[in-house]
Every structure is written in structure tokens, then in C-alpha cells.
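> When you get a sec, could you give me coordinates for this:
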Amino acid sequence: QVQLVESGGGLVQAGGSLRLSCAASGRTFSRYIMGWFRQAPGREREFVAAISWSGGSTSYADSVKGRFTISRDNAKNTVYLQMNSLKPVDTAVYYCAADHSRGILTTPDYDYWGQGTQVTVSS
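This is a model prediction of the structure:
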């Protein structure tokens, strides 16, 4: 069982930056692939970024490529999402997810989910 707690969300102006963190419980964090998803009001949850066990492989949605960076610190049981050049369309609740799979998972078929953190980007 893994518990995930996101933090770092908030209100930011367009063009600004935020860094989301997701702290995971458990002793085997390094054996989970991790992902970030987001859900805006009235829309389905969508993939944002994912990272492999070691952090050596990453994947991004086209809409965030070049602006967002996913990373992980296995010693701290934490995964991060650095978000730069934020746009109003990035406004959503951002969720962290963990899965036992290998490689990279870009669909919402993760085993464990956090409660989410709100990101609001004003124009």
C-alpha cells in the first residue's frame, strides 16, 4: 500500500512557475513508476508527465512539453513537477499517481492516487 500526498499548488499569474511535490509512504518507492495527471472542471483526467523507477526515462503530454519537468528523489520518496511558463489552460487539479509497472505509463491505469492539489493560473 502506498499513500501519496501532493503539495505546492496555488494561484499564479500566466507566465509564472510552480513546483508540485508528491510525497510517498512506503519503503519501496524506488520500485514504482510515477505520474502526474490533471483534471479541469467538466473535463476528463488527462496525462501530464511520467517517470520511470530510476528517473532515467520520462514522458510528457504534448501540451506541456518544454514547459514542465518531472523528476524524482528516491532517497526522499518524492516526485516533483516543475511547471514553467504557466498558462490559464493549465488550471486544474493535479494528481500524483504510482504504479508497480515497469517503464512508463501514460494512461490513468495507476494503482495508487493522491488527493490532488489545485493549480490556478490567472490571465
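
> For the chain, give me the ranges with low pLDDT.
By pLDDT under 70, the chain has no low-scoring segment.

> hmm, 80 instead?
Within the chain, the segments meeting pLDDT under 80 span 26-27.

> tell me the centre residue of it?
Compute the mean C-alpha point of the chain, and by Cα atoms, centre = their mean the closest residue is W36, 2.5 Å away.

> you'd agree that residue is up against S71?
No - counting by Cβ atoms under 8 Å, W36 stays clear of S71, with 11.0 Å between them. The C-beta positions use only the backbone N, C-alpha and C, and glycine is treated the same way.

> Find residues that contact each of the two.
Listed as contacting both W36 and S71 by Cβ atoms under 8 Å, 6 or more residues apart in numbering are V79.

> Nearest residue to F68 in space, please, no chain neighbours.
M83 (5.1 Å; Cβ to Cβ, 6 or more residues apart in numbering).

> host element of the residue nearest to Y32 when sequence neighbours are not counted?
Leaving aside its sequence neighbours, Y32 sits nearest to A98 (Cβ to Cβ, 6+ apart; 4.2 Å). Here A98 sits within strand 92-99, counting by DSSP states H and E.
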